[in-house]
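Novice: here are the coordinates; sequence isn't available:
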């Protein structure tokens, strides 16, 4: 059983996937920081200095006497998360597009045979004609 686990755990694809997941996690933190600290403050400033994270819709007010808390929908946080998702999806799209483009470009280079110089083509034709005469 240990041998099977070892074969499974140390296959190349599994290790590549683990590295991808770790890098993806770090990338998520980076994009979240970019959205929270770079994009949202100017967007909030354009919208009358509103901090999106604090935008809420109160369904039920809190009642101190009844000891109940307010029921609140935090749509501002949802908006922040939506922008974060859209940025992440866009960046992933760009990366995949570049990788697929590079792979296709490489395949195209391999598939195209090199053209021979015109002199060589002409010399081959002359050689073929001379062979036919004999």
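Specialist: Structure's in. What do you need? Small disclaimer: the values here were computed from a predicted structure and weren't measured. Numbering: from 1, shown residues only.

Novice: My guess is residue 77 contacts residue 53. True?
Specialist: Yes - the criterion here is C-beta atoms under 8 Å, and residue 77 meets it with residue 53 at 5.5 Å. From N, CA and C alone the C-beta is placed, and that goes for glycine too.

Novice: Poorly predicted segments of this structure, please.
Specialist: Across the chain, the ranges flagged by pLDDT under 70 are 12, 49-50, 109-114, 134.

Novice: So for it, the centremost residue is which one?
Specialist: Taking C-alpha atoms, centre = their mean, the centroid of the chain lies closest to residue 92, which sits 1.4 Å from it.

Novice: What strand or helix carries that residue?
Specialist: Using DSSP states H and E, residue 92 sits in helix 75-111.

Novice: Mind jotting down where the strands sit in this protein?
Specialist: Secondary structure of the chain (DSSP state E): strands at 57-60, 71-73.

Novice: could I get these as JSON lines with distance to residue 100 and mean neighbour count?
Specialist: Below are those laid out as JSON lines (distance: least, C-beta to C-beta, whole Å; neighbours: other C-beta atoms under 10 Å):
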{"stretch": "strand 57-60", "distance to residue 100": "42", "mean neighbour count": "10"}
{"stretch": "strand 71-73", "distance to residue 100": "40", "mean neighbour count": "12"}
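
Novice: To residue 4, which of these lies closest?
Specialist: Closest to residue 4 of the strands of the chain is strand 71-73 (C-beta to C-beta; 49.7 Å).

Novice: contacts for the closest one?
Specialist: Here strand 71-73 makes contact (C-beta atoms under 8 Å, 6 or more residues apart in numbering) with 56, 57, 58, 59, 60.

Novice: Adding distance to residue 19, write the strands of the chain out as TSV.
Specialist: Putting those into TSV (distance: least, C-beta to C-beta, whole Å) gives the following:
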stretch	distance to residue 19
strand 57-60	42
strand 71-73	39
